[in-house]
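>>> below is the sequence, then the predicted model.
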Amino acid sequence: MNRPELQAMAEQELERQKKFRCRVMCCTSTACVSSGANSLYETLKPKLEKLKEDVEFVPTGCMGLCGRGPLMTVQLQGQEPVIYENVTPELALEILDKHILAHKPTPIKDKVLPNDWPFFTKQTRVVLANSGAVDPERLEDYVSRGGYSALAHALREMTPRDVCHELIDSGLRGRGGAGFPTGLKWNMVRKAAGDRKYVVANGDEGDPGAYMDRTLMESDPHRVLEGMAIAGYAVGAEQGYVYVRGEYPLAIKRLEKAIRAAERKGLLGSRVMESGFNFRIDIRIGAGAFVCGEETALMASIMGKRGQPVIRPPYPAESGLWGCPTLINNVETYGNITPIINQGAAWYSQIGTAKSKGTKIFALTGNVINSGLIEVPMGITLREIVFDIGGGMVPGRTYKAAQTGGPSGGCIPTEHLDTPVDYESLKALGSMMGSGGLIVMDNTTCMPNIAKFFMEFCMDESCGKCVPCRVGTMQMHRLLEHITNGSATEDDLKRLEELCLLVRDTSLCGLGNSSPNPILSTLRYFRHEYEAHIREHKCLAGECNITEVPVLELAEIKHKTVEVS
Amino acid sequence: MSVVTLTINDELVSAQAEQTLLEAIREQGIDLPTLCHMDGLSDKGGCRLCMVEMTNNNNRLVPACVTKVQEGQSIRTESDKLTNYRKMIIELLLSERNHICAVCVMNGHCELQNLAAHLGVNHVRYEYVVPDLPMDASHERFVQDHNRCILCMRCVRVCHEVEGAHNWDVMGRGVNSLVIADLNKPWGSSRSCTGCGKCVQVCPTGALSKKGSTVAEMVKHHDFLGWIMNGREKNIWEYR
């Protein structure tokens, strides 16, 4: 397929969509499926069979408000789309009768989400622009919204150097959490010597409460593939791998389907878009280890070895997969490539702050009213995210802290709610951007208990290669267990702090280095909670179950203590 | 081969460009504790005892065994912080499994024990985990005792790199890691083991030992590895 053919495909698809009087979009991402989205389709299918010419039913990706799923959007020709929440099969039939088929369409008011709601208006959807609007399993739908035009543009009108410099100018930084400038990384791989190079997309997202990458792969797989193909062209690679964790079967299925569809149309594979550029993409499925999200462990896993990190340098950009220069970026980073190529670096760098450009997807979860997937411009304050977009706390409860960066990040208390969310500001608070999990906690949450939860996660996920992480995380977990059950002493707290520093300073990879962060940050802002557990055997939040304080009954010591000189 | 100059403990020294920091430090006669490192095997960087401070880079800690020397580098091998960290690492290792020297075949010759004594570890501040671990005495000449294993992976590396049999590998992860023969078969029934005993000789603790040895009887000869490597390289075999 060449560029005019791509154009023709887009026009044909738009023409086809125009014929329908109504487009009904139902979210079929994992979140909505788990709350019953599939049964909607089963219910509506027989009815819609008869209306095939009139109404188009589109299974789409995520619409964002996952906490109120299943979500369904009804768009009548020439009207604003209407989004319904908590759609049951009965409600779907009612919508069909009163909204879609009636002569005077009347939306069912109490189930409609208002379009001017802060949840929608405060967001800037760049990466998730197609998510919830296109059918992720149809290539045509993606192409009709400008898909693969960025690849066509890059292949015809840009040199690999141009692509890298466009990215450097855009100021895009890695979305996996560390925030390394993407353009610089691409340029490094482009300049690295070697006739064989690789491009890898990191979709091994393992933080508790984070599902940005999953949603992107499920809702808009072609965007990721297109971003990777552009990367392949820019750095001179002919092979790409998407590393997806095994717990994401739907993402794997949709990516496979997307790769096959793109290869059939000549958008991937040999001679991409009738140019001299070849690019194949294969999927590698993880076997359930969090540490494989670390790039060196991920590469070991792709090569069929035990998923353990190795020491950098050499960095993957010099020596990665099978010793060849390898470009590794997060799935979300690849999602940012097409808008940058299409709309230019100048446009992209308008969004965000001086040092952090663009938007970031967050999985907003925990004790907020509106939990879901949001995309916000960098530099937005945490207050806006939690109280405007998230809708604040459940009535009667107050905000306590928000955890960003999952088990590697830290918590942000009330006094720092007005901090702009960008790489540097979060780091200064002892937290980190991370891949984008944002867990909101209210006053019923016990901070030592949260630290214990994350430490248990790190302990389970430690690969065991280096001693501080393998044994240190376990000992820290034990100490936290003593603290939360009320049996710890002041000495234990001192020991815990010492261990935190040891594990942070001496661990081999990022998992170990950052595993004490939840403890260090909760100690920084909520030390009094730890002390209350220890001194008063009391949990201030009332979460820990300290029923009985164990009292050690010492037997009378009869023999004399021997003095040791 | 080019030469680089670096500062070790405030003294200017020169080293060959391909050398690791550990080699450069030991060449100066400076003692640096290691457990997973062994001359002749590839480096793993897992025990974290050889961490040194980079004084030209914010006192950042780097593992000496896997860091290459660099021009103008400035490092320190001893400080209160480093000594404390090394002690803590030894304590963590002692707390992890059942290291009971009094009944160990390696008592008196054990690298872990010697290091603990050398670093002045006189008590363990952490809770003993006391895991329930098995022994494998199915091999006709050797015994594997998981209770003494510190997961340094020397046995895995020597079997893969020097003997070429790859009998040993690791299963599980984190504290649940276990060194296993074949696909977790009893060692005696392993079909890849050649019975060469190299793994036993490189093991720093009593995790691998000769059958029949009792408390404190097991002595290991690490120097055999240098002899093999030297012989292979120069094709000179001097039997002693």
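Received it, and whenever you're ready, just let me know what you need. Note that the coordinates shown come from a computational prediction; the quantities given were computed from them, not determined experimentally.

>>> buried ones in the worst-scoring helix or strand of chain B on mean pLDDT?
Within chain B, no helix or strand scores below helix B:223-234, which has a mean of 86 by mean pLDDT, DSSP states H and E. Burial within helix B:223-234, assessed by neighbour count using 16 or more other Cβ atoms under 10 Å in any protein chain shown, is assigned to B:225, B:228. Placement of C-beta: from N, CA and C, glycine included.

>>> that helix packs against which elements?
helix B:198-202 (3 or more Cβ pairs under 8 Å, 6 or more residues apart in numbering or on different chains; DSSP states H and E).

>>> in chain B, which spans are helices?
Here chain B has its helices, by DSSP state H, at B:21-27, B:80-96, B:111-119, B:154-157, B:198-202, B:223-234.

>>> of these, which is nearest A:Pro221?
Counting by Cβ to Cβ, A:Pro221 lies closest to helix B:154-157 out of these; the figure is 39.0 Å.

>>> ok, and what's touching that closest one?
B:36, B:38, B:41-42, B:44, B:168-170, B:179, B:199-200, B:202-204, B:207-208 (Cβ atoms under 8 Å, 6 or more residues apart in numbering or on different chains).

>>> any idea how far that helix is from the middle of the chain?
Distance of helix B:154-157 from the chain centroid (Cα atoms, centre = their mean, to the nearest Å) equals 9 Å.

>>> just stretch A:69-79 next, same as before
That offset, for stretch A:69-79, works out to 26 Å (Cα atoms, centre = their mean).

>>> which residues touch it?
Stretch A:69-79 is touched from outside by A:18, A:20-27, A:31-33, A:35-37, A:40, A:60, A:63, A:65, A:81-87, A:92, A:95, A:99-100, A:105, A:107, A:132, with contacts defined as Cβ under 8 Å, 6+ apart.

>>> among those residues, name the buried ones.
Buried among the contacts of stretch A:69-79 by 16+ other Cβ under 10 Å: A:20, A:22-27, A:31-33, A:35, A:37, A:40, A:60, A:63, A:65, A:82-85, A:87, A:92, A:95, A:99-100, A:132.

>>> enumerate the residues of chain B near chain A.
Within chain B, the positions near chain A by Cβ under 8 Å from any Cβ of the partner chain are B:44-48, B:51, B:61, B:63, B:66, B:84-85, B:88-89, B:92-93, B:95-96, B:125-127, B:129, B:150-151, B:169-170, B:172-177.

>>> for chain A, which residues are neighbours of chain B?
So far as Cβ under 8 Å from any Cβ goes, chain A lies against chain B at A:289, A:291, A:306, A:311, A:459-468, A:470-475, A:478, A:495, A:498-499, A:502, A:505-508.

>>> let's see it at 7 Å
Applying Cβ under 7 Å from any Cβ of the partner chain, we find that chain A lies next to chain B at A:289, A:306, A:311, A:459-460, A:462-468, A:470-472, A:474-475, A:478, A:495, A:502, A:505-506, A:508.

>>> how much space between A:Ile340 and chain B?
Relative to chain B, A:Ile340 is positioned 34 Å away (criterion: Cβ to the nearest Cβ, to the nearest Å).

>>> that residue: how many residues sit nearby?
Using other Cβ atoms under 10 Å in any protein chain shown, A:Ile340 is surrounded by 27 other residues.

>>> contact partners of the helix or strand hosting it?
Using DSSP states H and E, A:Ile340 sits in helix A:337-343. Outside helix A:337-343, the residues that touch it by Cβ atoms under 7 Å, 6 or more residues apart in numbering or on different chains are A:126, A:146, A:149-150, A:153-154, A:166-167, A:170, A:172, A:223, A:226-227, A:230-231, A:348.

>>> that one - what's its average pLDDT?
Averaged across helix A:337-343, pLDDT comes to 95.

>>> swap in stretch A:438-450?
Mean pLDDT, stretch A:438-450: 94.

>>> mind listing what's buried in it?
Neighbour-count burial for stretch A:438-450 flags A:438-442, A:445-450 (criterion: 16+ other Cβ under 10 Å).

>>> check stretch A:403-423 too.
Result for stretch A:403-423 [16+ other Cβ under 10 Å]: buried residues A:403-413, A:416-417, A:419-423.

>>> can I get the CA coordinates of stretch A:10-21 in PDB?
C-alpha atoms of stretch A:10-21 as PDB (Å, rounded to 0.1, in the frame of the first residue of the first chain):
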ATOM      1  CA  ALA A  10      -9.400   6.600   4.700                       C
ATOM      2  CA  GLU A  11     -11.900   8.400   2.500                       C
ATOM      3  CA  GLN A  12     -13.700   5.100   1.700                       C
ATOM      4  CA  GLU A  13     -14.000   4.400   5.400                       C
ATOM      5  CA  LEU A  14     -15.300   7.900   6.200                       C
ATOM      6  CA  GLU A  15     -17.800   7.600   3.400                       C
ATOM      7  CA  ARG A  16     -19.000   4.300   4.900                       C
ATOM      8  CA  GLN A  17     -19.400   5.800   8.300                       C
ATOM      9  CA  LYS A  18     -21.400   8.700   7.000                       C
ATOM     10  CA  LYS A  19     -24.100   6.400   5.700                       C
ATOM     11  CA  PHE A  20     -25.200   5.400   9.200                       C
ATOM     12  CA  ARG A  21     -27.700   7.500  11.100                       C
END
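
>>> specify which member of the contacts of helix A:337-343 is nearest to chain B.
Nearest to chain B among the contacts of helix A:337-343: A:Leu172, at 27.6 Å, using Cβ to the nearest Cβ.

>>> the closest one - nearest residue in space that isn't next to it in sequence?
Of all residues not flanking A:Leu172 in the chain, A:Thr182 sits nearest, at 4.5 Å (Cβ to Cβ, 6 or more residues apart in numbering or on different chains).

>>> am I right that the one you found is in contact with A:Asp169?
No: checked against Cβ atoms under 7 Å, the pair A:Thr182 and A:Asp169 is beyond contact range at 11.4 Å.

>>> could you show me where the helices are in the stretch 101-250 of chain A, in order?
A:118-121, A:139-144, A:149-157, A:160-170, A:182-191, A:212-219, A:221-235, A:249-264 (DSSP state H, counting those that start in this stretch).

>>> and the buried residues of stretch A:438-450, which two are the farthest apart?
For the buried residues of stretch A:438-450, the maximum inter-member distance is 20.8 Å, found between A:Leu438 and A:Pro448 (Cβ to Cβ).

>>> how about low-confidence regions in the stretch 451-565 of chain A?
A:548-565 (pLDDT under 70).

>>> that one: strands as residue ranges?
Assigned by DSSP state E, counting those that start in this stretch, the stretch 451-565 of chain A shows no strands.

>>> what ranges do the helices span in it?
Assigned by DSSP H, counting those that start in this stretch, the helices in the stretch 451-565 of chain A fall at A:467-484, A:490-506, A:510-514, A:517-531.

>>> how far off centre is the second one?
Averaging C-alpha positions (Cα atoms, centre = their mean) puts helix A:490-506 30 Å from its chain's average.
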